[in-house]
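Dropping a prediction and its sequence here:
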Amino acid sequence: MSRLTRVFVTLAAAALFTLPLLAQAPIELKLATFAPANTTWHKALLEMDASIRKATNDRVRMRVFANGTQGPEATVVTLMRVGQLHAALLMPGGLAQIDPSINVFSMPFFIKDDAELQHMLETVGPEVARRFDAAGFHLLNWGSAGWVQVFSKQQIRTLDDVKRAKLFTSQGDDDMVRWYTGHGFHPQALSEKEIVSQLRLPTGMIDAVPSPPYGAVALQFHTATPYMLNLNVAPLVGATVVSKTIWNRLSESDRAAVTAAAKATQARVMAEVPKNDAESIAAMEKRGLTVTTLDPAARAQFDQAAAELVPSMRGTIVPADMYDMAVKTRDAFRAR
């Protein structure tokens with residue numbers, strides 16, 4: 001065998017030996033979330049990673065970036081589109097950057113309890129997921145951060161009090177800012193990281209924050225908001241999404257394993273969040289939180305305002321066909 005032939009044989013053998021090793025290289029999903037470290041949501045993501053590693057024999061793994069270290073959610077979505085991040089656990093503001101259909105779950109006083117929310121996720125959720133898929137993102141699972149209440153520096157008792165407040169709104173959600181402003185509210189778009197610092201200023205940009213109780217504790221802004229209006233405004237629905245570019249790189253069996261782990265995470269979070277909220281309210285009350293419960297007349301005022309304001313979201317905040325689908329689905333559920 002000539003020397004040149006031996007060189008070619010050696011190179012070919014090396015290539016055959018190397019290819020299987022390359023094929024076995026693990027795929028790392030870089031996942032960003034604003035969820036603070038050691039919260040229910042962060043722990044659930046870490047357990048999801050452990051389940052994925054085990055189920056795929058470490059062929060797929062997640063690297064979780066918590067605490068919003070990768071920037072605001074709008075930035076995270078952009079980074080996913082260019083491939084610098086692969087996945088994210090996002091709240092409505094970030095998810096709306098992918099497709100506004102997600103806003104169907106955030107309409108005030110539209111969904112009244114956990115049973116209705118679960119039904120909406122099962123019936124309307126698949127259409128939202130389909131639209132995300134068309135935009136280049138695969139929806140892995142749903143999540144909940146609890147029911148939004150209104151935390152404030154001054155006590156809120158009426159709808160007019162809410163309208164006078166300087167309300168925190170997620171940065172980048174320009175449509176929602178315009179909607180609030182157009183209906184007499186005073187929204188202030190900020191990064192979530194600015195909430196505490198602005199609340200603590202005597203003349204800060206915000207003095208009220210819509211948030212679930214557990215979120216108020218996790219983000220530590222409850223220390224600057226001694227009042228909570230006990231009013232289930234809307235469920236704070238989140239979702240874990242992954243770029244289809246990297247999702248399509250996974251084998252069919254690995255995609256099935258990731259999906260199973262994600263669904264298990266969804267079940268865990270949905271079960272834990274109500275308990276977390278109840279415990280958070282009790283803990284904040286011990287530290288001086290005043291919980292305001294509306295009398296029937298004041299509650300009726302909110303319900304009447306919602307009946308008038310929510311339809312204005314059709315075709316602006318929520319795509320018209322999604323709004324119609326949600327109304328039909330919810331009303332049919334209530335009729336049963």
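Perfect, thanks for sending it.

Now do the helices in this protein.
Assigned helices in the chain, in chain order: 3-23, 40-55, 73-81, 92-95, 114-123, 125-134, 159-164, 174-182, 195-200, 213-218, 244-247, 252-286, 296-309, 320-335 (criterion: DSSP state H).

Could you tell me the angle between the second one and helix 252-286?
Pointing back at helix 40-55 there. Per axes from the mean of the first three to the mean of the last three C-alpha atoms, to 10 degrees, the angle that helix 40-55 makes with helix 252-286 is 160 degrees.

What average pLDDT does helix 40-55 get?
When pLDDT is averaged along helix 40-55, the result is 96.

tell me how far that helix is from the chain's mean position?
Helix 40-55 sits 17 Å away from the centroid of its parent chain (C-alpha atoms, centre = their mean, to the nearest Å).

still on that earlier bit, export the helices of the chain to CSV and tack on distance to Arg61 and mean neighbour count?
Bear in mind the C-beta positions are built from the backbone N, C-alpha and C, glycine included. Compiled in CSV, these are given as follows (distance: least, C-beta to C-beta, whole Å; neighbours: other C-beta atoms under 10 Å):
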stretch, distance to Arg61, mean neighbour count
helix 3-23, 16, 9
helix 40-55, 5, 18
helix 73-81, 17, 21
helix 92-95, 23, 25
helix 114-123, 27, 16
helix 125-134, 23, 17
helix 159-164, 45, 16
helix 174-182, 35, 15
helix 195-200, 32, 18
helix 213-218, 26, 25
helix 244-247, 12, 18
helix 252-286, 10, 17
helix 296-309, 44, 13
helix 320-335, 35, 15
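
And the ones you listed: which comes nearest Asn103?
With C-beta to C-beta as the criterion, Asn103 lies closest to helix 92-95 of those, at 6.5 Å.

Check what contacts the closest one and list those residues.
Applying C-beta atoms under 8 Å, 6 or more residues apart in numbering, the external contacts of helix 92-95 come out as 72-74, 76-77, 88, 102-103, 105-106, 132, 170-173, 176, 236-239, 241.

The helices of the chain: which one's closest to Trp147?
Of the helices of the chain, the one closest to Trp147 (C-beta to C-beta) turns out to be helix 252-286, at 6.9 Å.

In contact with Leu231, which residues?
Remark: with contacts taken as C-beta under 8 Å, 6+ apart, Leu231 is in contact with Gln149, Val150, Leu294, Arg299, Phe302.

let me fix that: Met325
Contact criterion C-beta under 8 Å, 6+ apart gives Val104, Val124, Glu127 as the residues in contact with Met325.

Need these in CSV (columns: distance to Thr290).
As requested, the contacts of Met325 are arranged in CSV below (distance: C-beta to C-beta, whole Å):
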residue, distance to Thr290
Val104, 33
Val124, 36
Glu127, 41
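
Name the nearest of these relative to Ala256.
Distance ranking of those against Ala256, using C-beta to C-beta, places Glu127 first at 22.5 Å.

Distance of the closest one relative to Gly94?
Remark: distance between Glu127 and Gly94 (C-beta to C-beta, to the nearest Å) = 19 Å.

same thing with Val327?
Using C-beta to C-beta, one gets 25 Å for the distance from Val327 to Gly94.

Run the angle between the top strand by length along the chain and helix 73-81 for me.
Ordering each strand of the chain by length in residues (DSSP state E) puts strand 137-147 first. Between the direction of strand 137-147 and that of helix 73-81, the angle (the same axes, to 10 degrees) works out to 160 degrees.

May I have the strands that pair with strand 137-147, each with its orientation?
Applying DSSP bridges to the sheet, strand 137-147 is found paired with strand 235-243 (antiparallel).

pLDDT on the partner strand, on average?
Looking at strand 235-243 alone, the average pLDDT works out to 97.

Over to stretch 183-194?
Here the average pLDDT along stretch 183-194 is 91.

Tell me where the chain is predicted with low confidence.
Confidence mapping of the chain against pLDDT under 70 gives the ranges 1-24.

what's the closest of the contacts of Met325 to Asp58?
Checking those against Asp58 with C-beta to C-beta, the nearest one is Glu127 at 34.8 Å.

which residues sit in contact with that closest one?
Residues near Glu127 by C-beta under 8 Å, 6+ apart: Ser101, Met322, Met325.

Next, find the distance separating the last one from Thr225.
What that stands for is Met325. If you measure Met325 against Thr225 using C-beta to C-beta, the figure is 36 Å.
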